[in-house]
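1. Sharing a model that was predicted from the sequence below.
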Amino acid sequence: MNFMNSVVNFFKDGGIFLYPLALILVVGVAIAVERYVYLTRETIRNRTLWEDLIPALSSGNFKQVVGLTQNSNSSIATILNYGVARVASARRRDDIEKAMDESLLEVIPRIEKRTHFLSSLANVGLLIGLLGTITGLIGAFSAVATANPAEKASLLAAAISVAMNNTASGLFVAITLLLSHMFLEAKTTALIDSLEIASVKFLNSITERQPERPQDAAGPGISPAVRAAATTVRSTV
């Protein structure tokens, strides 16, 4: 109860600018929590799928690879499905690589979604806190200018308290949201890097097993087994 009373009194003494600051903090924390849950879940799903794909890629069982990626909704499955679907008509390695790069353009915005709002909300919160501080100081000097000498000290202290409450609240909101943004940015970057590494490894695995016959115009360096498996997903992408 003492803590709640302190919070209530803090808001009463801080003025109207503390309410938009509280709203910004709630919205920012909600975004941070939602992004953390999404990124964590996506990282686990990608890691699980990749660990299942490694044995199949190592043994050259591309039908199993296709089956695993088709049954997954993870980001890495989307990228690999684009690549496998392009194999059937690809004439060069670069054609497959471009298809996988295209899939990254589709996946990355979903991973980065709403994270940038945190830095914007932090800046807005800091500015609102500064506005509340300036407003409080203006009120302090106005009160002192027109008050009786006996009341000047108490009025000045109350107005400065309002200003300092806004300063502290603005800094707290900005620091909290900026730290959340930094943490989520690092998590997002790590996830995107893992997708790029996985796509390169997958591309190497399907092109390094060159057919024993001379390479032809249909796709130098791409195994016929990979082309056969690719026909099962080409129509789904």
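-> Noted; the coordinates are in hand.
2. any chance you could map the helices in the protein?
-> Secondary structure of the chain (DSSP state H): helices located at 2-14, 18-59, 62-70, 75-87, 93-112, 116-146, 152-207, 224-230.
3. avg pLDDT for the last one?
-> Model confidence over helix 224-230 averages 54 on the pLDDT scale.
4. again, but for the second one
-> Per-residue confidence for helix 18-59 averages out to 91 on the pLDDT scale.
5. before we move on, back to that, highest average neighbour count across the helices of the chain: which stretch is it?
-> Most buried of the helices of the chain by mean neighbour count (mean count of other CB atoms under 10 Å) is helix 75-87; its value is a mean of 24. Every residue, glycine included, has its C-beta placed from N, CA and C.
6. could you give the angle of that one to helix 152-207?
-> With axes from the mean of the first three to the mean of the last three CA atoms, to 10 degrees as the basis, helix 75-87 and helix 152-207 are set at 30 degrees to each other.
7. Skipping adjacent residues, who's closest to the residue nearest the centre of the chain in space?
-> Geometric centre of the chain, nearest residue: Glu112, 3.8 Å, by CA atoms, centre = their mean. With CB to CB, 6 or more residues apart in numbering as the measure, Thr188 is the residue that lies nearest to Glu112, at 5.8 Å, once sequence neighbours are left out.
8. cool, and Thr40?
-> Per CB to CB, 6+ apart, closest to Thr40 is Lys187, 7.8 Å.
9. tell me the contacts of the one you found?
-> By CB atoms under 8 Å, 6 or more residues apart in numbering, the contact set of Lys187 is 36, 39-40, 43.
10. circling back to that earlier point, next one: the residue nearest to Glu112 from Ile111, what distance?
-> 6 Å (CB to CB, to the nearest Å).
11. Kindly report the same for Gly60.
-> From Gly60 to Ile111 the distance is 30 Å (CB to CB).
12. do the same with Val37
-> Counting by CB to CB, the gap from Val37 to Ile111 is 13 Å.
13. do Asn166 as well
-> Taking CB to CB, one finds Asn166 at 36 Å from Ile111.
14. go on, Val124?
-> From Val124 to Ile111 the distance is 24 Å (CB to CB).
15. what bits of this structure have low per-residue confidence?
-> 1-14, 88-91, 143-147, 149-152, 208-237 (pLDDT under 70).
16. Apply 90 and report the result again.
-> The model of the chain has pLDDT under 90 over residues 1-19, 48-108, 110, 113, 132-166, 168, 195-237.
17. any shared contact partners between Thr188 and Ile111?
-> Leu39.
18. wait, doesn't Val84 sit right on Val66?
-> Yes - under the criterion of CB atoms under 8 Å, Val84 makes contact with Val66 at 5.9 Å.
19. My read is that Phe117 contacts Ala30, right?
-> No - Phe117 is beyond contact range of Ala30, at 10.4 Å (criterion: CB under 8 Å).
20. hang on, the earlier thing: could you report the distance from the residue nearest to Thr40 to Asp193?
-> For Lys187 relative to Asp193 (CB to CB), the value is 11 Å.
21. then stretch 58-76 to CSV, C-alphas only?
-> C-alpha atoms of stretch 58-76 as CSV (Å, rounded to 0.1, in the frame of the first residue of the first chain):
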residue,chain,number,x,y,z
SER,A,58,25.1,-34.1,-45.2
SER,A,59,23.7,-37.3,-46.7
GLY,A,60,22.3,-35.6,-49.8
ASN,A,61,18.7,-36.6,-49.0
PHE,A,62,17.1,-33.6,-50.6
LYS,A,63,13.6,-35.1,-50.6
GLN,A,64,13.8,-35.2,-46.8
VAL,A,65,15.0,-31.6,-46.8
VAL,A,66,12.0,-30.6,-48.9
GLY,A,67,9.7,-32.4,-46.7
LEU,A,68,11.1,-30.7,-43.6
THR,A,69,11.0,-27.2,-45.0
GLN,A,70,7.4,-27.6,-46.4
ASN,A,71,6.1,-28.7,-43.0
SER,A,72,7.6,-25.7,-41.1
ASN,A,73,6.4,-22.1,-40.9
SER,A,74,9.8,-20.8,-39.7
SER,A,75,11.7,-18.1,-41.4
ILE,A,76,14.5,-20.4,-42.5
